[in-house]
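S.K.: Here is the input, now give the coordinates:
(one chain, ligands or ions: 1)
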Amino acid sequence: DLPEVVLLDFWVSPFGQRCRIALAEKGVPYKYREQDLLLSKSELLLRSNPVHKKIPVLLHAGRPVCESLAIVEYIDEVWPQAAPLLPRDDPYGRAQARFWADYIDKKIYGCQSRLWKLKGEAQEQARKDLIEALKTLEFELDDKPYFGGENFGFVDIALVPFTCRFLAYEKLGSFSIEEHCPKIVAWAKLCKERESVAKVLPDPDKVFEFIQFIRISKFGA
Ligand SMILES: N[C@@H](CCC(=O)N[C@@H](CSO)C(=O)NCC(=O)O)C(=O)O
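M.R.: Here you go, the predicted model:
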C-alpha cells in the first residue's frame, strides 16, 4: 500500500512545483511519483482525481487532495510546524493572499500558455497580456521582500514556479522581463535563495527545451 504522503506530479508542472515547495518548506517527507500525462494516465491518477484527471494530487494516508492551491493550504494546516504559509490569525491577510493566488491562476498561466502555443498577432497579444499581468504583480509586490511582506508565503509559492519559464517566454516573445518588471526579477532571485525553491525548480534551459518539444510535436511550431 501507499506511504503516508505521496505526490502524483509531473516534473515541469508549475502546479506540482507549488506543492513540492510547500512540502519542502514544512519539512514533510513524501514519495514523489512522476505521472505519464502524454501517453497514458495511471489508474492511480484516474482514481485519485476522477473529476479533472490532472496532477498534482497529494495522497495523505490514502486520501486524495486535488488542485494545487488547495493542496498548499492543506499542507499549511496539517503540518503547522515551521513558518505559516498563510497568516494564522489574520483572515483579511489570508483573503488578500487568496485573491492574488487566484489572479496568478487566472492570468499568468493563461497568458503564458497562449504565448507559447500561438503565433503572429495572437502571440503578440499574449505577450502584451503577460507583461500587463506581471506589471500588476510588480505593483502589488512594490518594495516588499515577499508578496506577504517579510515572510515567504502562499502568493510567493503560487507564482515562483512560473519564474523558471521566464527564459522560455523571453525567447518565444522576444522581450526582456527584467526591462518591464525589475522588482519581479529581483524577487525571483530572492526566492531562489531558499533551498525549498532552489531544489524544486527545474533548470530554465530544460524547461525551454521541453516547451519547444511540445510546440513542435503538438503545434507544429
Ligand atoms: N488548476 C490545477 C491545474 C493542474 C494542471 O493543469 N495540471 C496539468 C499539468 S501542468 O500543466 C495536467 O495534469 N494536465 C493533464 C491533462 O490536462 O490531461 C491545479 O492548480 O492543480
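S.K.: Low-confidence regions, the protein specifically.
M.R.: Scanning the chain for pLDDT under 70 picks out 1, 220-221.
S.K.: Name the helix or strand for the closest residue to residue 177 other than its chain neighbours, please.
M.R.: Spatial nearest neighbour of residue 177, chain neighbours left out: residue 166 (5.1 Å); criterion: C-beta to C-beta, 6 or more residues apart in numbering. All C-beta spots, glycine's among them, are computed from the backbone N, C-alpha and C. Assessed by DSSP states H and E, residue 166 sits inside helix 166-173.
S.K.: right, and the helix or strand after that helix?
M.R.: Beyond helix 166-173 toward the C-terminal end (DSSP H and E), the next one is helix 177-180.
S.K.: how about the residue nearest to residue 177, what does it touch?
M.R.: By C-beta atoms under 8 Å, 6 or more residues apart in numbering, the contact list for residue 166 reads 177, 185, 188, 204.
S.K.: thinking the third one is in contact with residue 156, fair?
M.R.: Spelled out, it's residue 188. No - counting by C-beta atoms under 8 Å, residue 188 does not reach residue 156; the two are 9.7 Å apart.
S.K.: who has more neighbours, those two?
M.R.: Ranked by neighbour count (other C-beta atoms under 10 Å), residue 188 and residue 156 place residue 156 first, with 26 against 21.
S.K.: what does this protein put close to the ligand?
M.R.: Listed as neighbours of the ligand in the chain under the rule C-beta under 6 Å from any ligand atom: 10, 13, 15, 37, 53, 54, 55, 56, 67, 68.
S.K.: List buried members of those by neighbour count.
M.R.: For those, a burial check counting by 16 or more other C-beta atoms under 10 Å picks out 10, 13, 15, 37, 54, 55, 56, 67, 68.
S.K.: Tell me how far the last one lies from residue 156.
M.R.: It stands for residue 68. Per C-beta to C-beta, to the nearest Å, residue 68 is found 14 Å from residue 156.
S.K.: Noted, bye for now.
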